[in-house]
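# I'd like to go over a predicted model; first the sequence, then the structure.
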Amino acid sequence: MPIRRGSVNLARFRLEGDLPKDVKRWLQKGLAKAAFEPIDPKSDDERAAGFVELEQNDKTEFAAGNLFHGLHALFGWRVDRLKVPTNAMRAGMLEWGQAFEQKNGRPPGRRERAEQKETLKKALRAKQGPVTKVFEVSVDLTSRDVFVWATSRTVVEEAQGSLESVLEVKLIPRVPAAFLSPGVIDSLLPTKELFPEAP
């Protein structure tokens, strides 16, 4: 767990907006709105994402004892991917194509190949479990700092957008440049002494 190991791979935000008096209940209700729902193997979905409890990433009850640790809320952003490996599809189609040709004395047609590909894809999806990744999220209830413990921009933006939507707040990125005034940033540009003009 990055939070407990002290990892520095994170994105930092600040909650902006009016918060209710009962912040804990508000946070529990908000997370439940975007709780993780597993992928249905019978569907065509290849990806599912949502909030889960940190310690048990298959639970989405967000009980106070599991969610709050002192003045912090700790939970996870879970992403499941269920994709049939290309090499398994290729091997299955090759085997089927050879059997079809031996049985029928001709190679399969385009429509037959398409039908078999869909059947094989469904069969392989039913056998294969999803690949799961859980990214920790922490909310400091006093300072309003929000940390998403991930380096993937897609994951960070997705978790940020979901939090903003369900909590009805704005998450302002807290990067070093956000703490400086525009004049200070301009003064940090390279100087002529550092990059003299070529003769």
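Good, I have the coordinates. Numbers count the residues shown, from 1 in each chain.
# How about the secondary structure of Gln102?
Put simply, Gln102 is helix when judged by DSSP: H, G, I helix; E, B strand; the rest coil.
# any idea which element Trp96 lies in?
Per DSSP states H and E: Trp96 is located in helix 86-104.
# Show me what that helix is packed against.
Applying 3 or more CB pairs under 8 Å, 6 or more residues apart in numbering; DSSP states H and E, we find helix 86-104 packed against helix 110-127. Glycine gets a C-beta too; all of them are placed from N, C-alpha and C.
# Give me the pLDDT value at Leu27.
pLDDT, Leu27: 95.
# Next, it: phi, psi?
phi -70, psi -40 (degrees, to the nearest 10).
# And Trp77, by the same measure?
Backbone phi and psi, for Trp77 under degrees, to the nearest 10, turn out to be phi -110, psi 110.
# Point out where this protein drops to low pLDDT.
1-8, 175-199 (pLDDT under 70).
# Domain ranges for it, per the record?
Domain assignment for the chain, taken from automatic domain parsing, gives 6-82+135-187, 86-126.
# The shortest one: end-to-end distance?
Yep, that's domain 86-126 we're talking about. Start-to-end span of domain 86-126 (CA to CA, to the nearest Å) is 15 Å.
# Likewise for stretch 25-44?
35 Å.
# Pull out the buried residues from that stretch.
Neighbour counts using 16 or more other CB atoms under 10 Å place 27-28, 30-31, 34-36, 39 of stretch 25-44 among the buried residues.
# And stretch 69-88, by the same measure?
Neighbour counts over stretch 69-88 (16+ other CB under 10 Å) mark 72-80, 82, 84 as buried.
# Is it possible to get CSV of these that adds secondary structure and distance to Val52?
What follows is the buried residues of stretch 69-88, written out as CSV (DSSP: H, G, I helix; E, B strand; the rest coil; distance: CB to CB, whole Å):
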residue, secondary structure, distance to Val52
His72, strand, 17
Ala73, strand, 13
Leu74, strand, 11
Phe75, strand, 7
Gly76, strand, 5
Trp77, strand, 8
Arg78, strand, 5
Val79, strand, 10
Asp80, strand, 10
Leu82, coil, 17
Val84, coil, 25
